[in-house]
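Asker: Quick one, what's the 3D model for this:
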Amino acid sequence: MSSFRKIKNSSKELKKIKKLYNSLESNEIKIKQFYNLFYCYKRDIPSDSRIKLDRINDPIHSQYFLRYEDESFTRRHTDNEYEVGETAITLIDSTDLEGGDIIVYEPHFKNTNWEVTHDNGILNYYKEEYTPGDQIIPVVVKQDVGETILYSHATMHSVSKVTKGSRTVLVTWYSPPKKVLLVGNGTSILDKELGEKIDSFDTVVRFNSYTTKGYEKYTGTKTDIWFTCMDKHLNKVNDYNQVIVHSWFNEDECELFKKLKNKRSDITKIKNINYHELKAPSTGLIAIDYFLNDNYEVYLHGFDWWDREKHHYADEEIRGKLHKPKDEYEIIKSFGDRVKFIE
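Answerer: Just a heads-up that it's a prediction; the model follows:
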């Protein structure tokens, strides 16, 4: 498994990027040394002019152009992944280029005698994944004009010195993915005491008629968002950071929405439900779609109704007959690593 991936940009997209580059000529500054950049030319992109690359939906942290010419290089380094999650390097022009290659350093390769020591500086100071004695290998990543290379901001990387010609790239830093934990009401909640782990998440979502009292060591106590099609916690509606309602009725026909709006003005109503060819997707599946569409990294706990007889851990509510648990499980699996279960 490589620590980078490639995306081929369309000619239309490349043309748009080059047009923006040319329009920012007056913004260009010459860099003798700036952090890990040496002898480069930089053009910052104003926030209202940033370009969204195809097939990448993460929010942009910052974006700029770099032109490497004779003697330009980027020193090997890692970046602070608390601010930036992933880096994208799009090659928009290359003229008579020699050198100027992107290099990533991959610790999972073991067929090299190059060892990490404190003296040679190949250390990840943020996560300390590389320790003295580990074996690593530098990988030269070849790149064609119009290609984007993406890698984690915590990946050690560099750009070799340009010895001839020039290389112009669009650099895009993406904000780390937002993480949300959806805590379902399934009986698997009681299998493990994960209360503290649940409460450690930045954003915790609970559903409908959830219960935590008396189950705290299993469920935790934190609830940032109430995602509901029921009114059980109506009297606590102002205790949450956000309340999200779903139903199969429009806002002006939904009695629950009206009832909650009378208590709190900023209620969110799901307007476009993805049915996934189901008659009645569950509240949990609707929530997963909602947060994925908002570019969250989704974590699940208490989602288990495809292989459990009892519906909820804290009440005797009967499962809706229109729901298709096993079909929903297949849909959840189809989301891949965008949706994960905590353990």
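Asker: Burial check on residue 237, number of neighbours?
Answerer: Close neighbours of residue 237, defined as other CB atoms under 10 Å, add up to 18. For glycine as for every other residue, the C-beta is placed from the backbone atoms N, C-alpha and C.
Asker: can you check residue 235 too?
Answerer: For residue 235, using other CB under 10 Å, the count is 9.
Asker: so what are the domain limits for the protein?
Answerer: The chain resolves into domains spanning 4-174, 178-341 when parsed by automatic domain parsing.
Asker: Can you flag the weakest of those domains by average pLDDT?
Answerer: Mean pLDDT is lowest for domain 4-174 out of those, coming in at a mean of 83.
Asker: now the strands for the stretch 51-200 of the chain?
Answerer: Under the criterion DSSP state E, counting those that start in this stretch, the stretch 51-200 of the chain contains strands at 60-77, 86-98, 102-106, 137-141, 147-152, 157-159, 164-174, 178-183.
Asker: Would you mind putting the ones you listed into CSV with distance to residue 16 and mean neighbour count alongside?
Answerer: Listed next are the strands of the stretch 51-200 of the chain as CSV, based on distance: least, CB to CB, whole Å; neighbours: other CB atoms under 10 Å:
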stretch, distance to residue 16, mean neighbour count
strand 60-77, 13, 18
strand 86-98, 10, 18
strand 102-106, 23, 19
strand 137-141, 24, 15
strand 147-152, 14, 19
strand 157-159, 24, 23
strand 164-174, 11, 20
strand 178-183, 27, 22
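Asker: got a list of what residue 263 touches?
Answerer: Applying CB atoms under 8 Å, 6 or more residues apart in numbering to residue 263 gives the contacts 234, 237, 238.
Asker: looking at this structure, which residue lies furthest from center?
Answerer: Most distant residue from the mean C-alpha position of the chain: residue 164, 37.5 Å away (CA atoms, centre = their mean).
Asker: got the contact list for the residue nearest to that one when sequence neighbours are not counted?
Answerer: Counting by CB to CB, 6 or more residues apart in numbering, residue 98 is the residue found nearest to residue 164 once chain neighbours are left out, at 3.9 Å. Counting by CB under 8 Å, 6+ apart, residue 98 touches 162, 163, 164, 165.
Asker: how about 7 Å then?
Answerer: Residues near residue 98 by CB atoms under 7 Å, 6 or more residues apart in numbering: 163, 164, 165.
Asker: now, which of those sits nearest residue 68?
Answerer: Nearest to residue 68 among those, counting by CB to CB, is residue 165 at 9.0 Å.
Asker: Distance check, the closest residue to the closest one other than its chain neighbours against residue 62.
Answerer: Excluding the flanking residues, the one nearest residue 165 by CB to CB, 6+ apart is residue 96, at 3.5 Å. Separation of residue 96 from residue 62 (CB to CB, to the nearest Å): 30 Å.
Asker: now the helices: where do they sit in the protein?
Answerer: Using DSSP state H, the helices assigned to the chain run over residues 11-23, 195-199, 216-219, 255-263, 283-293, 325-334.
Asker: Quick one: the ones you listed as CSV, columns for distance to residue 227 too.
Answerer: Listed next are the helices of the chain as CSV, based on distance: least, CB to CB, whole Å:
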stretch, distance to residue 227
helix 11-23, 36
helix 195-199, 15
helix 216-219, 15
helix 255-263, 12
helix 283-293, 5
helix 325-334, 16
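Asker: Minimum distance to residue 207: which of those has it?
Answerer: For these, proximity to residue 207 was assessed by CB to CB; helix 283-293 is nearest, at 5.3 Å.
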